[in-house]
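S.K.: Got a predicted structure here, sequence first:
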Amino acid sequence: MTINKSQIIEQSPSRKVAQGESFLKFKRASNIETFPQTFAEYVNSYGEIYYWPTGGFHVITKAEDARNILSNSNFSADRSAFFISRMPNVDLSLISDFFSIIQKMMVMSDGKQHQMRRKTAHMGISDRWVSSFEPATRKIVKQLLDDVAQNKEIEFVTQVAQVLPSTVLAELFCIPEEEREFFRSCSNTMTAFFGGAVEYTNEVAVETNQAALNIGEYFSAIIQKRRKNPQDDFISGIIAAQEQFNMSEEEIIAQATMMLVAGQVTTTDQICNNLFLLLNNREILQGVKANPELLPNALEEFKRIDPAVTFLFRAAVADEVINGQLIKAGETVFISNHCVNRDMKESEAPNQIRINRQDISHFAYGHGAHYCIGSRLGRLQISELFASMINRFPNLRLSPDNPPERDHYSLAFSGFKTLPLIL
């Protein structure tokens, strides 16, 4: 006899509920060297899938379940309701412009609407454009390292890791040098709010909303300039796609804002996470120096071990059963990247760093229809930076006198606050 999903839902046993120390608190108390592994073990210790009342969401730790959710139309990328539930004391009218923008982003869209918005954005950051941008990225990296080369010790986060993505994105948008700090400030304000890295108060809401308005007005002005004088940049690309895909002005501004916000902080965090793993494992560093062709593989392995995005999450729009667990419409699922990247079924010895591992797979850039559209650009920046640093600074190491400090600034993201290096 065939049993349909509705029968499974009706017959579903009581859902597994787990209770423990909050994930964010655990992250912040973790040892800097062992964090990726101990955090994966902690999240995984409660089971393959469970409801976590501490956070008000279901937790997913298996790669097969993650793929199922990320390709299932019953799970939406529109997580507005979840964000709003986290700010009960905020006057939502104070943040209306911010939400108006993020709700039009492709990362918050589903189905055909998502497809059209993604295609529009892709025309601004096509594979051809990324390939043609390699020399420019190499030049940016060289200038950045030239600026710090005369110092014996540098603070890598502020002097390199934060500067590289913001400079690349400014080039992507053809933003003049004198206006780039404005972009960095607005982007950081919006990302902090979006990622839960701030207290949700009316004062913070006003600041975030103003940042969204500033970015929107700035992009609107750039769009008008590019209509008259197109350039080989992201804005000109999405303008060309606007009519083809019937996008509104607000929608293309939202995609531009998304590229700015999503492409800056997560790339900075991934650069820092990767570099710490490399320098904290001297035998791996020596292996890469001896065999530079292993570097691309090593960088993918580092992303698998310690992804910048701690959790991917989706909102259920219909009742669904995943791995025997009933997830009700309106509930949220959090996919633990540290866990699914270590799924024992996915690879041999998944808890070990193996830079010669073949066919490395991970969820650092997501999966399925929402796979990160800027992944090629992110990989380009990271690979150019690491290759240049390893070649240029043969004595590169962590500072023995100033230990680095992790920055677990939100539940969804993790990076480094400081990362002092000896050149």
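M.R.: Structure received. Residues are numbered from 1 along each chain as shown.

S.K.: now do the same end-to-end measure for stretch 274-292.
M.R.: Stretch 274-292 has its terminal residues 16 Å apart, counting by CA to CA, to the nearest Å.

S.K.: which of the residues in stretch 385-403 are buried?
M.R.: By neighbour count on 16 or more other CB atoms under 10 Å, the buried set for stretch 385-403 is 385-387, 389-390, 393, 396, 398-399. Any C-beta I mention is one placed from the backbone N, CA and C, and that applies to glycine too.

S.K.: could the residues you listed go into JSON lines alongside distance to Gly366, pLDDT and secondary structure?
M.R.: Putting these into JSON lines (distance: CB to CB, whole Å; pLDDT from 0 to 100; DSSP: H, G, I helix; E, B strand; the rest coil) gives the following:
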{"residue": "Leu385", "distance to Gly366": "22", "pLDDT": "98", "secondary structure": "helix"}
{"residue": "Phe386", "distance to Gly366": "22", "pLDDT": "98", "secondary structure": "helix"}
{"residue": "Ala387", "distance to Gly366": "25", "pLDDT": "97", "secondary structure": "helix"}
{"residue": "Met389", "distance to Gly366": "27", "pLDDT": "97", "secondary structure": "helix"}
{"residue": "Ile390", "distance to Gly366": "28", "pLDDT": "96", "secondary structure": "helix"}
{"residue": "Phe393", "distance to Gly366": "32", "pLDDT": "96", "secondary structure": "coil"}
{"residue": "Leu396", "distance to Gly366": "31", "pLDDT": "96", "secondary structure": "coil"}
{"residue": "Leu398", "distance to Gly366": "30", "pLDDT": "97", "secondary structure": "strand"}
{"residue": "Ser399", "distance to Gly366": "34", "pLDDT": "97", "secondary structure": "coil"}
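
S.K.: Now render those as a markdown table, adding distance to Arg379.
M.R.: Putting the buried residues of stretch 385-403 into a markdown table (distance: CB to CB, whole Å) gives the following:
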| residue | distance to Arg379 |
| --- | --- |
| Leu385 | 11 |
| Phe386 | 11 |
| Ala387 | 12 |
| Met389 | 16 |
| Ile390 | 16 |
| Phe393 | 21 |
| Leu396 | 21 |
| Leu398 | 24 |
| Ser399 | 27 |
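
S.K.: Pick out whichever of these sits closest to His362.
M.R.: Phe386 (17.2 Å; CB to CB).

S.K.: Contacts only, for the closest one.
M.R.: Remark: with contacts taken as CB atoms under 8 Å, 6 or more residues apart in numbering, Phe386 is in contact with 274-275, 278, 295, 299.

S.K.: Which members of these are the farthest-apart pair?
M.R.: Between any two of the contacts of Phe386 (CB to CB), the greatest distance is 12.2 Å, for Leu275 and Leu295.

S.K.: the more surrounded of the two?
M.R.: Leu275 (26 against 19; other CB atoms under 10 Å).

S.K.: quick one: pLDDT of that one?
M.R.: Looking at Leu275, its pLDDT reads 98.

S.K.: With Thr54 instead?
M.R.: pLDDT at Thr54 comes out at 91.

S.K.: Now for the nearest residue to Asn246 once chain neighbours are set aside: which residues touch it?
M.R.: Using CB to CB, 6 or more residues apart in numbering and skipping the chain neighbours, the partner closest in space to Asn246 is Met116 (7.4 Å). Taking CB under 8 Å, 6+ apart, we find Met116 in contact with 245-247.

S.K.: hmm, 10 Å instead?
M.R.: 106, 109, 241, 244-247, 251 (CB atoms under 10 Å, 6 or more residues apart in numbering).

S.K.: Specify which member of those is nearest to Asn188.
M.R.: Looking across the contacts of Met116 and measuring by CB to CB, the closest to Asn188 is Met106, at 21.4 Å.

S.K.: Leaving out chain neighbours, which residue sits closest to Ile253?
M.R.: Phe219 (4.7 Å).

S.K.: so that neighbour is in which element?
M.R.: Here Phe219 sits within helix 202-228, counting by DSSP states H and E.

S.K.: what's that helix packed up against?
M.R.: helix 96-102, helix 180-194, helix 234-245, helix 249-279 (3 or more CB pairs under 10 Å, 6 or more residues apart in numbering; DSSP states H and E).

S.K.: measure stretch 301-318 end to end?
M.R.: 35 Å.

S.K.: Counting neighbours, which bits of that stretch end up buried?
M.R.: Buried, per 16+ other CB under 10 Å, within stretch 301-318: 301-316.

S.K.: One more: stretch 70-85?
M.R.: In stretch 70-85, counting by 16+ other CB under 10 Å, buried: 70, 72, 74-79, 82-83.

S.K.: Just checking the distance from the helix or strand where Leu299 lies to the centre of its chain.
M.R.: Using DSSP H and E, Leu299 sits within helix 295-305. Mean-position distance between helix 295-305 and its chain equals 16 Å (CA atoms, centre = their mean, to the nearest Å).

S.K.: what mean pLDDT does that helix have?
M.R.: On average, helix 295-305 scores 97.

S.K.: Offset the numbering so it begins at 26, please.
M.R.: Right, with 26 as the first residue, what we last looked at is helix 320-330.

S.K.: residues in contact with Lys167?
M.R.: Lys167 neighbours (CB under 10 Å, 6+ apart): 174, 409, 413, 417.

S.K.: Please point out which parts of the strand or helix carrying it sit buried.
M.R.: Using DSSP H and E, Lys167 sits in helix 159-173. By 16+ other CB under 10 Å, the buried positions in helix 159-173 come out as 162, 165-166, 169-170, 173.

S.K.: contacts for stretch 103-119?
M.R.: With contacts defined as CB under 10 Å, 6+ apart, stretch 103-119 is touched by 80-82, 120, 123-124, 127-128, 130, 132-135, 138-139, 218-219, 221, 224-235, 338-340, 342, 355-357, 359, 436.
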